[in-house]
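S.K.: take a look and give me a structure for this.
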Amino acid sequence: MPPKADINKAGWEQSDFPILCETCLGDNPFVRMSKQEYGKTCGTCARPFTVFRWNPGSGMRYKTTVICQTCAKVKNVCQTCLLDLEYGLPTQVRDTALALEAGAPTSDINREYYAQNMESKFDGDKSLLGSSRTTSVGKEMLKQLARTDPYYKRNRPKICSFFVKGECNRGSDCPYRHEMPANNDLANQNIQDRYYGNSDPVARKIMSSHAETKGLKPPEDETVTSLFLSSLSPESTEDSIRATVIRSLPSIDASHIRSIVHVAKTRCAFVNFKDRMSAETAAYAWSNGLEIDSATAAVKWGRSKKAVAPSA
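M.R.: Here you go, the predicted model:
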């Protein structure tokens, strides 16, 4: 019986070639790939899919696809590294800049059902992200952060676990890297967080560095949870500011906002958040400004309320 005729395999995916970024494909123009139909389950929707495996170049490690093509098209990402195909950035960076919702189903069954429904909505090989509304400041942020050239260093062999334990005796013949792993947040990554853009340490590092270059480095005083907006449109009101703030931060709902103070006379406003994490998320998203009522507002951190000790 053909696989598609089996009702239990009707949702399984078959494909002839993977969806890959230039970095994962490698610099070798003559790539030989192995193909295994239904070789493993997708790392996001848990449906069996066609797995591809190849060597991207001399001295590089073998790479394999980890998610199905349907999930790759939904997010417009590479099937192997899960980075955006257009900008070469983590999905959390792209979704934050373009104010896109993650929309992550919670259970394996829901993820599989969601993937099957999304597959029926595709027009050819196009991603569903093309229909999203984008702002000029969001696009400008992505242009500044985009990786335009392949980063083949990402294809290097993994670190030798025996070397880390001091037990590798293969020396220069060892196909793995002989170096100690970095002990930081970047070492703790997983497919789900990278794909759906939830607490991705790589994305947070990129957005934090970009915000710092724009003068939005978080204050050392952790009690500062306010952002100051200036150069607002004369037509702006507290309601329009609130609506724009909530719309531009899909990962933050209205319950995270303590208050919004609009001073129409000076065309400025304070957005006061209830917690520091929400304020930092907003600073990352608005590092290139915030478009409100057809005007781009400048963004700065609020000042610390700590009293300065008088000089002797």
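
S.K.: C-alpha only now, for contacts and for neighbours.
M.R.: Will do.

S.K.: count of neighbours near residue 281?
M.R.: Applying other Cα atoms under 10 Å, we find 17 other residues in the vicinity of residue 281.

S.K.: next, it: phi, psi?
M.R.: As for residue 281, its main-chain torsions (degrees, to the nearest 10) stand at phi -60, psi -40.

S.K.: pLDDT score assigned to it?
M.R.: At residue 281, the predicted lDDT confidence score is 94.

S.K.: now the one 10 residues further on
M.R.: With respect to pLDDT, residue 291 scores 93.

S.K.: what's the answer for residue 124, then?
M.R.: 53.

S.K.: residue 44 now?
M.R.: The score at residue 44 is 87. That number is its pLDDT.

S.K.: I'd like to know how many residues surround it.
M.R.: By the measure other Cα under 10 Å, the count of residues near residue 44 is 22.

S.K.: tell me who's in contact with it.
M.R.: Remark: with contacts taken as Cα atoms under 8 Å, 6 or more residues apart in numbering, residue 44 is in contact with 67, 71, 111, 191-192, 195.

S.K.: any idea which of these is least confident?
M.R.: Of all the contacts of residue 44, residue 111 has the smallest pLDDT value, namely 62.

S.K.: need phi/psi at residue 296.
M.R.: Per-residue torsions, residue 296: phi -90, psi 110 (degrees, to the nearest 10).

S.K.: excluding sequence neighbours, find me the nearest residue to it.
M.R.: Residue nearest to residue 296 in three dimensions, not counting chain neighbours: residue 290, with 5.4 Å by Cα to Cα, 6 or more residues apart in numbering.

S.K.: correct me, but the one you found touches residue 284?
M.R.: No: under the criterion of Cα atoms under 8 Å, residue 290 makes no contact with residue 284, lying 10.9 Å away.

S.K.: out of the contacts of residue 44, which is most surrounded?
M.R.: Across those, the neighbour count under other Cα under 10 Å reaches its highest value at residue 67, namely 30 neighbours.

S.K.: which SS state does it fall under?
M.R.: With DSSP: H, G, I helix; E, B strand; the rest coil as the basis, residue 67 sits in coil.

S.K.: could you give the number of residues near the closest residue to it other than its chain neighbours?
M.R.: Nearest in space to residue 67, with sequence neighbours left out and distances taken as Cα to Cα, 6+ apart, is residue 42 at 4.4 Å. Look at residue 42: counted by other Cα under 10 Å, it has 24 neighbours.

S.K.: quick one on the thing from earlier: name the nearest of the contacts of residue 44 relative to residue 226.
M.R.: The shortest distance between residue 226 and any of the contacts of residue 44, using Cα to Cα, involves residue 195 and amounts to 29.8 Å.

S.K.: C-terminal to the strand or helix carrying the closest one, what's the next element?
M.R.: Counting by DSSP states H and E, the secondary-structure element that holds residue 195 is helix 191-196. With elements assigned by DSSP H and E, the helix or strand that comes after helix 191-196 is helix 201-213.
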